[in-house]
Structures are given as C-alpha cells and as structure tokens.
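1. any chance you could fold what I've pasted below:
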Amino acid sequence: STVPVVTLFIPYRPPYDWGSMISHLEARALTGLELVEPGRYLRTVTHALGLGSVEITPARGLDGLRATLRVSDVRMLPPVIARIRRVFDVGADVDAIHAHLSRDALLAPLVAARPGLRAPGGWDGFELAVRAILGQQVTVAAARGLGNRLLATFGEPLGPESTGDARLQRAFPLPQALAAADLSCLGMPASRARTISALAAEAVADPTLFQPGPSL
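-> Next up, the predicted model:
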C-alpha cells in the first residue's frame, strides 16, 4: 500500500541558526531512528494512529522549514507537525529573546555572536525521558551508544514502505515494551536499568504522564 506523502511549509521568525540545531541533532541521532545529512534531518514517526517518517530541510529563500511527511493515517498530521515545531523551536520570538538577553553585559556579546540560536526540543516525552536517563554521568557519544543498543534490541522494526528510506528502520520502543524487558543486556549500571523499567511502568499506568501540560 502507498503511504500518503505531504509536503508543508513551517514558518519561523528569522534569523534561524540551522547549523547549530542540526549539529545538536546529529550528535545524538540514533541509528535506524534518525538520519542527519547536510541540510536535512529525517526520523521515523510512531503514533497511536499509525506510523511513518518525516524529512526536514531549510526552505530555500524563505523564512521557514520544508517538512515532508509520510504517514499511514492523515489524522497523524496535526500531532506530528506539533512535534516538528517543538523539536526545531520554530515558535521562538527571537527578537524578544535577543532584546531581553542583550540587557545583560555578559550575555550581550554572546547573543550578538549567535543570532537565531534556538533551544532544541524533545520529539516525544517518554523517549526524551529514557534518553535523559541513558545520558546520566556519561558523554553524549556514550549515551548515543547505549541508545543505539536499546533501539536495536527493543525498537519496533519498520519497513521502507512505511518510512520511504531503508535506513529508517526502527521506531523508539513503547513504554509497554520497555516495562516488560530485561534491560541488563544494555551494559549500563543496574540502578539505571531499574530506573528505565520503573519509568516505563509508570508511563504504562498513566498514559498522560508525558503529555504537554498547561503548566509545571
């Protein structure tokens, strides 16, 4: 079956430091889940409604991103677009941020040197929480290695017919999968493995645990 492909323009307020954003994502990309190439970011998508993939590139000559979405159900589009906006921080009012931070003598030259710097967001709350635990007291590269093992062992396999690219072949494990899994094979401290197991069990018990809320 053919997966619908939709291309959208996602605007932002310029300037936008694409280089810093893509280098942050590249350093943390998990094999099979994400793919970072010069000028584009790809990743698999899973949702209660279905699965697919996204490809994000800067829109040439325009103040925005070009998003190509492959989704098995078009009802996935609004939540997936919301995730893209969050990860790439397109809603940031960079003028207001720049004006405010520039009042500080220490920050002013730093802000001036890096206009359009954004704060990368998390694709999914549960995934972000697991990756945060994997990254405790280790380097980014070590955390990436643990994440790759987790994904290869417990990630849901996806075919190229779903993602459009044979290199995108894994979905991040669902809470149900990690709650039931023996994580000792990942080669990290036992306390950390227990933390991920407990986190996954809580996410199964309360499906709203990582939904964006109105406040902290």
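2. list the contacts of the residue nearest to Tyr41 when sequence neighbours are not counted.
-> Excluding its sequence neighbours, the residue lying closest to Tyr41 (CB to CB, 6 or more residues apart in numbering) is Ile56, at 4.7 Å. In this view, the C-beta of every residue, glycine as well, is placed from N, C-alpha and C. For Ile56, the contact set (CB atoms under 8 Å, 6 or more residues apart in numbering) comprises 40-42, 65-68, 84, 88.
3. can you tell me the centre-most residue of the chain?
-> Trp123 (3.3 Å; CA atoms, centre = their mean).
4. where's it relative to Val74, distance?
-> Trp123 sits 20 Å away from Val74 when distances are taken as CB to CB, to the nearest Å.
5. next: Ala181.
-> 32 Å.
6. give me the more crowded residue out of these two.
-> A direct count of neighbours by other CB atoms under 10 Å for Ala181 and Val74 places Ala181 higher, at 18 against 12.
7. close enough to count as contact, the more buried one and Leu150?
-> No - between Ala181 and Leu150 there is no contact under CB atoms under 8 Å: 9.1 Å.
8. which residues are in contact with each of these two?
-> Pro173.
9. low-confidence stretches in this protein?
-> Within the chain, the stretches with pLDDT under 70 are 1-2, 214-216.
10. let's see it at 90
-> Applying pLDDT under 90 to the chain flags the ranges 1-4, 38, 47-49, 137, 159, 161-162, 187-188, 210-216.
11. and the strands in it?
-> All strands of the chain, identified by DSSP state E, fall at 5-11, 34-37, 40-47, 50-58, 64-71, 156-157, 170-171.
12. where along the protein do the helices fall?
-> Assigned by DSSP state H, the chain shows helices spanning 18-28, 77-87, 94-101, 107-113, 125-134, 140-154, 160-163, 175-179, 190-205.
13. let me have those helices in TSV, extended by mean neighbour count and distance to Pro212.
-> Shown next, in TSV, are the helices of the chain (neighbours: other CB atoms under 10 Å; distance: least, CB to CB, whole Å):
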stretch	mean neighbour count	distance to Pro212
helix 18-28	16	20
helix 77-87	16	8
helix 94-101	14	21
helix 107-113	12	27
helix 125-134	18	7
helix 140-154	17	23
helix 160-163	18	25
helix 175-179	18	17
helix 190-205	16	15
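14. give the contact list for the residue lying closest to Thr68 once chain neighbours are set aside.
-> Leaving aside its sequence neighbours, Thr68 sits nearest to Glu55 (CB to CB, 6+ apart; 4.3 Å). Neighbouring residues of Glu55 by CB under 8 Å, 6+ apart: 40-42, 67-68.
15. Ile81 too?
-> So Ile81 contacts 8, 10, 67, 69 (CB under 8 Å, 6+ apart).
16. who's the first one bridged to?
-> Spelled out, that is Leu8. Under DSSP bridges, the beta-bridge partners of Leu8 are Ala67.
17. pretty sure it is touching Pro78, no?
-> No - between Leu8 and Pro78 there is no contact under CB under 8 Å: 11.1 Å.
18. circling back: save the helices of the chain as TSV, and put in distance to Ala48 too.
-> Formatted as TSV, the helices of the chain follow (distance: least, CB to CB, whole Å):
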stretch	distance to Ala48
helix 18-28	25
helix 77-87	9
helix 94-101	34
helix 107-113	40
helix 125-134	13
helix 140-154	19
helix 160-163	16
helix 175-179	12
helix 190-205	14
